[in-house]
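[1] my questions concern the predicted model and sequence given below.
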Amino acid sequence: MRAEFETAAKWTVGLLGLVLALLVASALVAPDSVAGEVLDRMLDAGYASAVLRVSVPITFAALGGIFAEKTGIINIGIEGFLILSALSSVIAVVSLTGAGVDPTAALWLAFFVGIAVSVVTAGVFAVFVIRYQANQVIAGLAIWLIALGLAPFVSLVVFETVNSPSVGTFGTWRIPILAELPGVGPVLFDASPMVYLMLLAVPLCWYVLRYTRLGRYIRACGDNPRALDTAGISVSRTRYIGVLLSGVLCGIGGAGFTLGQLGRFVGAGETSIGGRGFLGIVAYLFGNYNPIASFGGALLFASFDALQFRLQEIAFLNVPQRLLQALPFIVVILVLMLVGRTRIPAALGEHYDEKE
């Protein structure tokens with residue numbers, strides 16, 4: 001069975017490589033063709049900047065999931081954390097600006113409000129799964145479903161519609177001189193502060209998990225909690241820390257996406273978060289719980305998400321819009337087919353009673 005899976009995976013990768021090669025070759029031979037138009041829209045600074053912006057919530061969701069699951073706690077409620085932080089940040093902006101607070105200060109205060117709401121939600125989740133040893137999968141699903149129903153209801157009560165009014169965004173921070181560098185300058189040094197925060201958070205999380213005492217405790221908690229307990233370190237406390245850090249990171253992702261890019265909360269359908277929390281889960285599984293590799297997975301999904309908007313702008317590309325919108329999720333399915341060697345923490349999903 002495993003050999004058949006690996007063979008199928010190799011054929012899939014080979015097929016994708018062949019399609020990409022044909023796309024590039026066709027674009028070079030006929031620049032005015034559909035392939036040439038698609039490639040032209042991908043090879044510009046605007047597209048690269050869009051990929052970084054779109055990857056912000058996916059990356060922070062992935063980082064949050066890593067910290068929770070490295071301690072042994074399955075956290076599939078990430079999507080719910082993102083939804084609640086996104087909504088609360090918008091409500092905070094509207095309330096603060098209505099009270100006369102400076103718009104820029106209101107944005108940053110609302111950003112931290114969104115993080116705080118996500119942390120509180122993570123704390124409630126942690127109490128149920130750690131203290132009361134609730135089923136972690138069911139608890140995570142409950143968080144997501146409650147958020148999915150509660151957020152539009154709260155928005156309806158506050159704004160009289162499930163979709164909030166538009167609010168300001170952080171805009172971009174331009175770094176002089178560096179922004180003038182050809183190629184990378186406009187992409188990396190003329191970006192949203194949330195992009196800078198993401199580029200800082202990824203290596204920082206990798207360093208914390210790999211080289212700090214806290215990181216060693218977190219990894220041991222997920223792989224061998226009994227050994228950690230024997231060493232005199234509280235397993236429960238370590239798991240609380242991991243889940244709360246997950247809340248912090250997901251809060252940054254949800255509030256950062258809303259205030260750094262979208263500028264409003266959409267409560268209709270799957271809300272404005274639109275499954276980005278679940279993309280984050282796939283990203284860290286793809287990256288094998290490594291923050292840097294998971295960031296690569298987030299960029300992969302974000303690149304196709306940004307691409308589908310570019311493809312919709314090509315007038316002569318006769319492809320249904322809904323099919324283009326499904327493009328990132330088609331990629332997710334392919335990635336799930338190919339990810340077969342993810343090493344999950346040995347004690348993931350297992351409750352641990354320190355009194356035993």
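    Received the coordinates, thanks. It should be emphasised that the depicted structure is a prediction, and the values quoted were computed from it without experimental measurement. Numbers count the residues shown, from 1 in each chain.

[2] strands of the stretch 251-356 of the chain, residue ranges please.
    With strands called from DSSP state E, counting those that start in this stretch, the stretch 251-356 of the chain shows none.

[3] the chain too?
    Counting by DSSP state E, the chain has strands at residues 173-174, 190-191.

[4] among the ones you listed, which is the most enclosed?
    Stretch with highest mean neighbour count among those: strand 190-191 (a mean of 19; mean count of other CB atoms under 10 Å). Backbone N, C-alpha and C define where each C-beta goes, glycine included.

[5] turn the strands of the chain into JSON lines, columns for distance to residue 225 and mean pLDDT.
    Formatted as JSON lines, these follow (distance: least, CB to CB, whole Å; pLDDT from 0 to 100):
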{"stretch": "strand 173-174", "distance to residue 225": "42", "mean pLDDT": "88"}
{"stretch": "strand 190-191", "distance to residue 225": "40", "mean pLDDT": "89"}
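
[6] using TSV, please lay out those together with distance to residue 270.
    Below are the strands of the chain laid out as TSV (distance: least, CB to CB, whole Å):
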stretch	distance to residue 270
strand 173-174	30
strand 190-191	27
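
[7] list the residues that contact residue 351.
    residue 133 (CB atoms under 8 Å, 6 or more residues apart in numbering).

[8] where in the stretch 101-250 of the chain is pLDDT low?
    Along the stretch 101-250 of the chain, no part satisfies pLDDT under 70.

[9] please enumerate the helices of it.
    Assignment of helices within the stretch 101-250 of the chain using DSSP state H, counting those that start in this stretch yields the ranges 103-126, 136-159, 185-188, 193-211, 213-223, 225-230, 235-257.

[10] in CSV: those helices, plus distance to residue 53 and mean neighbour count.
    Shown next, in CSV, are the helices of the stretch 101-250 of the chain (distance: least, CB to CB, whole Å; neighbours: other CB atoms under 10 Å):
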stretch, distance to residue 53, mean neighbour count
helix 103-126, 16, 20
helix 136-159, 22, 17
helix 185-188, 10, 18
helix 193-211, 6, 17
helix 213-223, 29, 20
helix 225-230, 38, 17
helix 235-257, 9, 26
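
[11] how about the ones you listed, which one is nearest residue 294?
    Nearest to residue 294, of all those, is helix 193-211, at 8.2 Å by CB to CB.

[12] contact partners of that closest one?
    By CB under 8 Å, 6+ apart, helix 193-211 touches 52-53, 55-56, 59-60, 63, 66-67, 70, 170, 173, 188, 214-215, 218-219, 249, 252, 256-257, 259-261, 290-292, 295.

[13] surely residue 65 touches residue 281?
    Yes: assessed by CB atoms under 8 Å, residue 65 is found in contact with residue 281 at 5.6 Å.

[14] so which of the two has more stuff around it?
    residue 65 (29 against 23; other CB atoms under 10 Å).

[15] measure that one to residue 88 for me?
    Per CB to CB, to the nearest Å, residue 65 is found 20 Å from residue 88.

[16] swap in residue 173?
    Distance, residue 173 to residue 88, by CB to CB: 24 Å.

[17] hmm, back to that, list residues touching both of residue 65 and residue 281?
    Counting by CB under 8 Å, 6+ apart, the residues touching both residue 65 and residue 281 are residue 78.

[18] now stretch 152-168, how far from the chain's geometric center?
    Distance, stretch centre to chain centre, for stretch 152-168: 23 Å (CA atoms, centre = their mean, to the nearest Å).

[19] straight-line length of it, end to end?
    20 Å (CA to CA, to the nearest Å).

[20] just stretch 65-82 next, same as before
    12 Å.

[21] average pLDDT across that stretch?
    Here stretch 65-82 scores 96 as its mean pLDDT.

[22] stretch 265-284 too?
    pLDDT averaged over stretch 265-284 gives 91.

[23] fine by me, thanks again.
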